[in-house]
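J.: when you get a sec, could you give me coordinates for this:
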Amino acid sequence: MTSLSTDAPAPLLVTRDGGVCTLTLNRPSALNSFTVEMHGLLLPALEQAAADPEVRVVVLTGAGRGFCAGQDLNDPAMAPKDGGAPDVGDVVARYYRPLANRVRTMPVPVIAAVNGVAAGAGANLALCCDIVVAARSASFIQAFSKIGLVPDCGGTWLLPRLVGRAHALALAMTGDKLPAEEAARIGLIWRCVDDAAFATEVQATAARLAKMPARALAETRRLVDEATTLGFDAGLVAEAQSQGALGTAHDFAEGVAAFRDKRAPVFTDR
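T.: Purely as a prediction, here's the structure:
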């Protein structure tokens, strides 16, 4: 494994292992809560991964005992403006909106490896990812109501689509801690695994996805997201259009050839 970061104390660590790029939020003493500095590193790291044809999958995780506790309320970005209140809307628009949009439009699959508590914007950042694998000791908290705010980082869009209106409203309004096992049971996340098996499960999932057709996987995400606002026939039209484009690409030809030759395919499209 080669490290792309030369400054270990930095609030974001970037490592590469073959086609897997791992981004580790690295403020463990603050449960990896977000600061302007962290934002300034994470979005460019995602952009770099998106532009690198050698990256086939991105893993987002946290250092220490937490995944991400959301926005650090002591960060200068949350300081009062002109003697009044902080401009929370500006913080969301300036930092969380582009971050969430980037994760949702990556040209490769994005795995959230939730190693501990994921709260507030940290919980919803994880839910922005394509696949969420959580350790059994992890938990998800929509902590916004506890400080008089609404879910951000895509939370109001994601929650009802993942678990339905009843669960979405209850989670958002109560701010109760949701254990990872229960999160998996209600469909909020994909999988909850024992802590001892967590790292192995994440690594195996990332390695598996890295060998798959990245372009087709990204198109699958796009179609699934867009289908939430389409009628059934419009969804069929979108599928046909996507298949038409993918059917002329390298990966389709390679997949068919590998099937006929009874060998493992080597996918390269992005």
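
J.: tell me who's in contact with residue 38.
T.: Residues near residue 38 by CB atoms under 8 Å, 6 or more residues apart in numbering: 11-12, 25, 27, 32. Heads up, the C-betas are built off the backbone N, CA and C, glycines and all.

J.: can you pull the pLDDT of it?
T.: pLDDT for residue 38: 96.

J.: what of residue 3?
T.: At residue 3, the pLDDT value in this model is 45.

J.: and residue 55, how many neighbours does it have?
T.: When counting by other CB atoms under 10 Å, one arrives at 21 neighbours for residue 55.

J.: what of residue 28?
T.: 14.

J.: ok, it - contacts?
T.: Counted by CB under 8 Å, 6+ apart, residue 28 has contacts 62-66.

J.: and which of those is nearest to residue 267?
T.: The shortest approach to residue 267 among the contacts of residue 28 belongs to residue 62, at 29.6 Å (CB to CB).

J.: sorry, back to before: let's see which of the contacts of residue 38 end up in strands.
T.: Within the contacts of residue 38, residues falling in strands by DSSP state E are 12, 25.

J.: among the contacts of residue 38, who's most crowded?
T.: Counting by other CB under 10 Å, top hit in the contacts of residue 38: residue 32 with 30 neighbours.

J.: find the nearest non-adjacent residue to it, please.
T.: The shortest distance from residue 32 to any non-neighbouring residue, by CB to CB, 6 or more residues apart in numbering, is to residue 25 (3.8 Å).

J.: what's opposite that neighbour in the beta bridge?
T.: Residues in a beta bridge with residue 25, per DSSP bridges, are residue 12, residue 62.

J.: buried ones among the contacts of residue 28?
T.: 62-64, 66 (16 or more other CB atoms under 10 Å).

J.: biggest separation within those residues, which pair?
T.: Greatest spacing in the buried ones among the contacts of residue 28, by CB to CB: 63 and 66 (8.3 Å).

J.: what do those two both touch?
T.: 28, 32.

J.: can you list the domains in this structure?
T.: Structural domains annotated on the chain: 2-210, 214-261, as defined by automatic domain parsing.

J.: return the most buried member of those.
T.: Comparing the domains of the chain by mean neighbour count (mean count of other CB atoms under 10 Å), domain 2-210 comes out on top with a mean of 19.

J.: sorry, back to before: wait, the residue nearest to residue 32 touches residue 35, no?
T.: No - shown here, residue 25 and residue 35 do not form a contact pair, counting by CB atoms under 8 Å, at 10.4 Å.

J.: shared neighbours of these two, anything?
T.: Shared contacts of residue 25 and residue 35, defined by CB under 8 Å, 6+ apart, comprise residue 11.

J.: skipping adjacent residues, who's closest to residue 43 in space?
T.: residue 99 (5.6 Å).

J.: for the one you found, phi and psi?
T.: When read as degrees, to the nearest 10, the backbone of residue 99 gives phi -70, psi -50.

J.: lowest-confidence helix or strand of this structure?
T.: When the helices and strands of the chain are compared on mean pLDDT, DSSP states H and E, strand 2-3 comes out lowest with a mean of 44.

J.: and the residue nearest to residue 43, what is it in contact with?
T.: 39, 42-43, 46, 125, 153.

J.: please redo it, this time with the cut-off set to 10 Å
T.: 34, 39, 42-43, 46, 121, 125, 128, 153-154 (CB atoms under 10 Å, 6 or more residues apart in numbering).

J.: residue 172 now?
T.: Residues in contact with residue 172 (CB under 10 Å, 6+ apart) are 142-145, 150-151, 155-156, 159-160.

J.: mind checking the SS state of it?
T.: helix (DSSP: H, G, I helix; E, B strand; the rest coil).
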